[in-house]
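Undergrad: With the input below, show me the fold.
(2 chains)
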Amino acid sequence: MADLRYIEGYPEYMYELIKVIEKTRSKRKDYVPKQMTMEEREEVLKVHPDFASGGKRKIKIGVNKGDTAPFEVADLLEAYPLIDEGDVDIKKPDYDVDIMIIGGGLAGTTAGIWANIKGIPRERILLVNKLRHGDCNSIMAEGGTQAADRENDSPVIHFIDAIGGGHFTNKPDVLKSLVTDGPLVMEWLEELGALFDRNKDGTFVERWGGGTCRKRMHACKDYTGLEEFRVIKDEFQSRKIPTIEHKPVIELLTEDGRVTGAILANIETSEYQIVKAKTTIIATGGFGRLHIRGFPTTNHYGATFDGAVIAYRAGAKLRDTDTVQYHPTGAVFPPQIVGHLLTEKLRSMGAQPVNIKGEAFVFPLEPRDVEASAIIRECYVKNNGISTPAGLKGVWLDIPLIDVKNGKGTIDNAFPGMKRMFGRFDIDIAKNPVLIFPTLHYQNGGIETDPWGKTTLEGLWVAGEASGGVHGKNRLMGNSTLDCIVFGRKAGISTAEYIKSSKGGGKLTLKHLERYIKSLKEAEIPPERKTPILLPDYRGKKALARSIKIF
Amino acid sequence: MGEKKSIMDKIAESSRFFTTGIDDKDIEHWVTIHIMGRAYKVPAGLTLMQAMEYAGYRFITSCGCRGGFCGACATIYRNVGDYKLYAALACQTRVEDGMYLVQIPFVPAEKANYDIGEEDYDYTTIVKYYPEIARCVACNTCTKACPQDLEVMDYIQAILRGDFEKAAEGSFECIHCGMCAMRCPAGIVQYHIGQLVRRLYGRNAFKSPESLKKRVEEIKNEIYEKDFEKLLCASTEELKKLYTERKRESD
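TA: Numbers count the residues shown, from 1 in each chain, chains lettered A, B, ... in the order given. Predicted structure coming up:
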């Protein structure tokens, strides 16, 4: 990048372009582009990464053989385990528990609490984490949680919003669980002491989300996921439920199609350990760090699809593997935060996507795939985008418009997190717009479950982003934190009941791997490819090329 | 179709810098930083985290959300010619020439265990669980150590005065990185105390919305079951009709 003169955090040429949109701001204050018809949506979706040609192939082996998935996903499924059977002694478990939860984000942590509430003693529960307890996507959720608790709303209306947003591909009975339990978990969060945005009379401040016909977004400023998570984690820890950090699960253990435990590996020392568990809950989140189709991501460092990979080998069924959610508004400038999330709540409160000419070109609250496609089209088909010094393209998100519409100070008060993030790079979001482009955000599909989070495999439950079905092929804003808490709770209750009816448990074997390896060989998959990958690798090319193994 | 494929290629190509390891040929400006005392020449403009990765580190700890929300990448550093010790989040801070740094992957600190529904909504609860809060000498070191620029001492002092509203507001953007507790000469674990206060405040300071109680009752009485029975059997065409006929409530 050549030397550029910066004004208010922007290179001079970009700063000049901001003047164009300032000129049209007063006109746009009362102008909102029309919502798209179903036909218009279909048309614009042609440029969506899910529908644009290339990037995908059919899965060659396993339960979902023949289904379509992005190359990055198919590669991880069609791969060999990290261990050979002879490497590990699985006979003597280091832990013997009723419930093993894999992944301490919002879903997994909630599951532990509810299993304990439902009578499973704390020492019979074990939460294992690849990173720290809480290094997850949930804490980065900014905008809100949907729950149909206002009088003019209902779980039924919420259901219709979500199934339409998901292109009518959501699994209806699972979606029913999500929307019906929404108000129940809001009540629970309130009891735990979560600090939601409130009106003076105690009612929740509820706002729009993309694709909803009611205002039902409950937010904690723009730290919704962080606030929900830290309150839930505090409750979890107060119950003294055992937790292990920095020990990822690298493989499940099974007996005759039943999940009976797992192998952990200490990420610092590489020592393995064996867990025997009557039930297992996978709450490992999604796959943003696979950078599908080369997109930057909003996701945390550990979002590498591990849970799905190990469950798939054990025989669990996946669904909607062909779809990926790109959040419409990821940062493209400054370069230090490319891909970071700019919450949809900004648009809920009046921010507009605006092109280089200063035109508002899309209804700001279309469902996410439609909104993202419109921005891609604006940049790469209509060529109305703005280029950054690093060579990325984006359109403006006119954030200052929020204060024009709602009064000065609204942005400072409602978006302290966004303000801080950009402020660190000298950009004041209350004064200037920011550049945005779609960013890889969410794994729409995942491991298939029933309405209680139970999978097709005996002994295995899934909660949160790792699951598939509830959102169909496109999730709406505010339904993921809800998904985590609703299905974390359901999985906790359901596993507790399962155990109380004396079910679960079995021998620890790796028989499922033998079968899987056989089909890998039959499909002539190269043996070098090993998964789960656990972490991405961003080492500089030069350092990597000179790296030698000395231990 | 070729046209559309090329859009995806263009996007992937433009994002390469941010999705794979950095290649030297993309870089024009360089700075030197010291990681645990060793000097590394790294591209200017990177975050501390990106710079460490460029230098060859593949994080197995000290890296979490990469978005400034989790506190895993807390880092302390000094700049050349400056006596001050700074704390920062590696994922949110730009490298500067000459800085020397180390990460703090773990903070030893005990959290109290309580049942929030059983606790008194006043200062006595805080003193019961965290008596060391009374040892605060208002030195403000915690505030200076906060990578979120929170007024940590102010919220601790607000708690000492029993002003939970101010303390909840003042600690709201805390990401529990623990830098305050690592620097506190009195051994106070500010972020755990802040958490307890926010929960007490959140639970007790607000009137629960009537509409939420009513809706929860309705759900428990299964009044939506009939509607759902129909919805679960509905054809896609019927669902589409319901969807397109929705009436959006007014702004």
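
Undergrad: Around chain B, pick out the residues from the stretch 251-400 of chain A.
TA: Residues of the stretch 251-400 of chain A lying close to chain B by Cβ under 8 Å from any Cβ of the partner chain are A:267-268, A:291, A:293-298, A:300-302, A:335-341, A:376, A:380-381, A:390-393. For glycine as for every other residue, the C-beta is placed from the backbone atoms N, C-alpha and C.

Undergrad: Strands - which of the residues you listed land there?
TA: Among these, DSSP state E puts A:K393 in strands.

Undergrad: Give the buried subset of the residues of the stretch 251-400 of chain A next to chain B as a ChimeraX selection command.
TA: This is the ChimeraX syntax for the buried subset of those, where burial follows 16 or more other Cβ atoms under 10 Å in any protein chain shown:
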select /A:267,291,293,294,295,296,297,298,300,301,302,335,336,337,338,339,340,341,376,380,390,392,393
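
Undergrad: tell me the pLDDT at whatever residue of chain B ends up closest to chain A?
TA: With Cβ to the nearest Cβ as the measure, B:A12 is the residue of chain B nearest to chain A, at 2.5 Å. Note for B:A12: predicted pLDDT of 94.

Undergrad: In contact with the nearest residue to it once chain neighbours are set aside, which residues?
TA: In space, and not counting its chain neighbours, B:A12 is closest to A:G294: 2.5 Å by Cβ to Cβ, 6 or more residues apart in numbering or on different chains. Shown in contact with A:G294 (Cβ atoms under 8 Å, 6 or more residues apart in numbering or on different chains): B:8, B:11-13, B:15-16, B:19.

Undergrad: For A:G294, give me the pLDDT.
TA: With respect to pLDDT, A:G294 scores 96.

Undergrad: swap in A:K503?
TA: 79.

Undergrad: now B:M1
TA: pLDDT for B:M1: 44.

Undergrad: Would you mind splitting chain B into its domains for me?
TA: As assigned by automatic domain parsing, chain B contains the domains B:2-103, B:108-251.

Undergrad: mind checking which helix or strand of chain B has the lowest mean pLDDT?
TA: Ranking every helix and strand in chain B by mean pLDDT, DSSP states H and E puts helix B:2-19 at the bottom, with a mean of 83.

Undergrad: Report the buried residues of that one.
TA: Here helix B:2-19 shows B:4, B:7-8, B:11-12, B:14-19 as buried, counting by 16+ other Cβ under 10 Å.

Undergrad: helix or strand for the residue nearest the centre of chain B, which one?
TA: A centroid search over chain B (Cα atoms, centre = their mean) returns B:F69, at 2.2 Å, as the residue closest to the centre. Of the helices and strands defined by DSSP states H and E, none includes B:F69.

Undergrad: so it sits right up against A:M140, yeah?
TA: Yes: at 4.9 Å, B:F69 and A:M140 qualify as touching, with contact defined as Cβ atoms under 8 Å.

Undergrad: overlap in contacts of these two?
TA: A:225-226.

Undergrad: Let me see the contact set for the residue nearest to the centre of chain B.
TA: Residues in contact with B:F69, defined by Cβ under 8 Å, 6+ apart, are A:139-140, A:223, A:225-226, A:417, B:175.

Undergrad: picking that back up, so who does the residue of chain B closest to chain A touch?
TA: Residues near B:A12 by Cβ under 8 Å, 6+ apart: A:293-295, B:19.

Undergrad: and what of A:N406?
TA: So A:N406 contacts A:349-350 (Cβ under 8 Å, 6+ apart).

Undergrad: Phi, psi for it please.
TA: phi -110, psi 0 (degrees, to the nearest 10).

Undergrad: same check, this time on the one 3 residues further on
TA: Phi and psi for A:G409, reported as degrees, to the nearest 10, are phi 100, psi -10.

Undergrad: A:K431 versus that one, what's the distance?
TA: 13 Å (Cβ to Cβ, to the nearest Å).
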